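[1] let me see the structure of the following:
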Amino acid sequence: MSVNSDITLPATLTSLVRLAEWLAEKMEALPVNDEWRFSLDLAACETATNIIRHALNEDSHRRFTVEFIASDISITLRFMDEGSVFPAERLQAARCDAFSDQTINKESGRGLKLILWYVDKFRIEYSAGKNITLLEKSLVC
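    Coordinates of the predicted model:
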């Protein structure tokens, strides 16, 4: 299996609805359960929310792209935007901070923790003037 599809959306929070619909279409034929689908959907929406709010400042004239890449063993979502560079230390802090009831209730960094919790691999890099965020979730349980 090899599927590659993409969608480009404006940097508005209403784009989250279209992203969720598009992602549901892409996941429909996958051999996974609803819990798996929920996990990837939540991680994708948290990632998009961070891009919209923090990288692109909710500017409806700016866009971000999401690629859906399927292989026999995993699904990868690649988010790309030309917004503010994501501070690497924020992701490192989220990785190091224990996931607990106290930390999940803090507004700052909660989305990053949820993403880390629900996907197998999460990476953010900056290349050629673009933020590239990769989420990968294994199809093998």
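[2] so what does the lengthiest helix in the chain touch, helix or strand wise?
    Identified as the longest helix of the chain according to DSSP state H is helix 34-50. Using 3 or more CB pairs under 8 Å, 6 or more residues apart in numbering; DSSP states H and E as the contact criterion, the neighbours of helix 34-50 among helices and strands are helix 15-27, strand 63-70, strand 74-81, helix 110-118, strand 130-138. In this view, the C-beta of every residue, glycine as well, is placed from N, C-alpha and C.
[3] repeat that with 7 Å
    Under the contact criterion of 3 or more CB pairs under 7 Å, 6 or more residues apart in numbering; DSSP states H and E, helix 34-50 touches helix 15-27, strand 74-81, helix 110-118, strand 130-138.
[4] report the buried residues of the first one.
    Across helix 15-27, burial judged by 16 or more other CB atoms under 10 Å covers 15, 16, 19, 22, 23, 26, 27.
[5] contacting residues around the first one?
    By CB atoms under 7 Å, 6 or more residues apart in numbering, the contact list for residue 15 reads 9, 48, 52.
[6] and the last one, by the same measure?
    Contacts for residue 27 were tallied using CB under 7 Å, 6+ apart; they are 37, 40.
[7] quick check, pLDDT for it.
    The predicted structure scores residue 27 at 96 on the pLDDT scale.
[8] also the third one?
    The per-residue pLDDT reported for residue 19 equals 99.
[9] so where is this protein shaky, pLDDT-wise?
    1-3, 95, 98-109, 141 (pLDDT under 70).
[10] give me the neighbour count for residue 49.
    When neighbours are defined as other CB atoms under 10 Å, residue 49 has 15 of them.
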